[in-house]
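*Asks:* Structure here, sequence nowhere to be found:
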Ligand code: MN
């Protein structure tokens with residue numbers, strides 16, 4: 001019996017190593033120290049290497065042998081949300097949200113500026129880019145407990161929202177996330193301790209990847 005159980009485990013492990021069935025931890029788009037001092041290499045080593053990697057590992061364990069195995073991550077997120085499969089949803093959404101977070105940030109000075117089209121949509125919604133950033137930062141600051149602040153687009157209109165825990169706007173058809181900021185304590189506690197406001201101010205003010213947001217908006 002014990003030998004049989006071990007053999008099943010090895011079979012799944014082999015599948016994963018072939019890269020055909022498992023959800024993968026996507027590579028960071030920059031070095032671990034690239035966002036310092038706002039987000040230190042030490043924070044990223046835990047946040048990416050332990051928290052994000054942990055969601056991926058847990059998710060793969062939960063979906064092995066189920067209808068979710070082998071499906072694209074976005075599909076797993078949406079289907080689990082629709083079916084109320086909470087553990088799979090939480091780990092899949094956290095996997096997706098974190099990959100999107102790393103790709104919402106850029107080293108200081110490398111994030112560029114909104115495209116003309118995105119800037120026009122931002123000005124239509126908020127009046128100015130500075131007002132957009134202030135609204136974004138406010139949403140991040142006021143999210144009670146763990147969660148996320150998002151800049152999203154829907155039918156060409158941009159807006160700011162925040163979600164609790166693992167919740168993600170990709171479950172709503174037609175909503176296109178442009179940028180996200182993680183406000184779980186693990187995102188900032190090693191660098192900023194309890195002062196979420198300073199972390200948010202530094203990220204929104206200096207690390208957002210507006211080039212990426214512009215590509216997503218187009
Ligand atoms: Mn996080």
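*Replies:* Received it, and whenever you're ready, just let me know what you need. Not measured: the values here are computed from a predicted model.
*Asks:* Now do the phi/psi pair for residue 32.
*Replies:* phi -60, psi -20 (degrees, to the nearest 10).
*Asks:* just the one 5 residues further on next, same as before
*Replies:* Summarising the backbone geometry of residue 37 under the convention degrees, to the nearest 10, its torsions are phi -90, psi 0.
*Asks:* Now do it: how many residues are near it, please.
*Replies:* 10 (other Cβ atoms under 10 Å). In short, each C-beta sits where N, CA and C put it, glycine included.
*Asks:* Quick check: pLDDT value at the nearest residue to it once chain neighbours are set aside.
*Replies:* Counting by Cβ to Cβ, 6 or more residues apart in numbering, residue 191 is the residue found nearest to residue 37 once chain neighbours are left out, at 7.4 Å. Note for residue 191: predicted pLDDT of 96.
*Asks:* that's a helix at residue 191, yeah?
*Replies:* Yes. Residue 191: assigned to a helix according to DSSP: H, G, I helix; E, B strand; the rest coil.
*Asks:* Neighbours of it, how many?
*Replies:* Quick note: residue 191 (other Cβ under 10 Å) scores 18 neighbours.
*Asks:* just checking, it touches residue 35?
*Replies:* No. Using Cβ atoms under 8 Å, residue 191 is not in contact with residue 35, being 9.8 Å away.
*Asks:* Kindly provide the distance from residue 145 to residue 66.
*Replies:* 30 Å (Cβ to Cβ, to the nearest Å).
*Asks:* who's more crowded, these two?
*Replies:* Taking other Cβ under 10 Å, residue 145 and residue 66 do not tie; residue 66 has more neighbours (12 against 9).
*Asks:* can you tell me the helix or strand for the closest residue to the more buried one other than its chain neighbours?
*Replies:* Once flanking residues are discounted, residue 66 sits nearest to residue 88: 7.9 Å by Cβ to Cβ, 6+ apart. Assigned by DSSP states H and E, residue 88 belongs to helix 86-102.
*Asks:* domain parsing for this structure?
*Replies:* 6-27+40-102, 116-217 (automatic domain parsing).
*Asks:* Nearest to residue 109, out of the ones you listed?
*Replies:* Residue 109 sits nearest to domain 116-217 of all the domains of the chain, at 8.2 Å, using Cβ to Cβ.
*Asks:* which stretches of the chain have low pLDDT?
*Replies:* 1-20 (pLDDT under 70).
*Asks:* at 50 what do you get?
*Replies:* 1-19 (pLDDT under 50).
*Asks:* how about the residue nearest to residue 37, what does it touch?
*Replies:* For residue 191, the contacting residues are 37, 38, 39, 40, 42, 43, 199, by Cβ atoms under 8 Å, 6 or more residues apart in numbering.
*Asks:* Leaving aside the residues adjacent along the chain, what's closest to the residue nearest to the spatial centre of the chain?
*Replies:* For the chain, residue 97 is the residue whose C-alpha lies nearest the centre (Cα atoms, centre = their mean; 2.3 Å). Nearest non-adjacent residue to residue 97, counting by Cβ to Cβ, 6+ apart: residue 168, 5.4 Å away.
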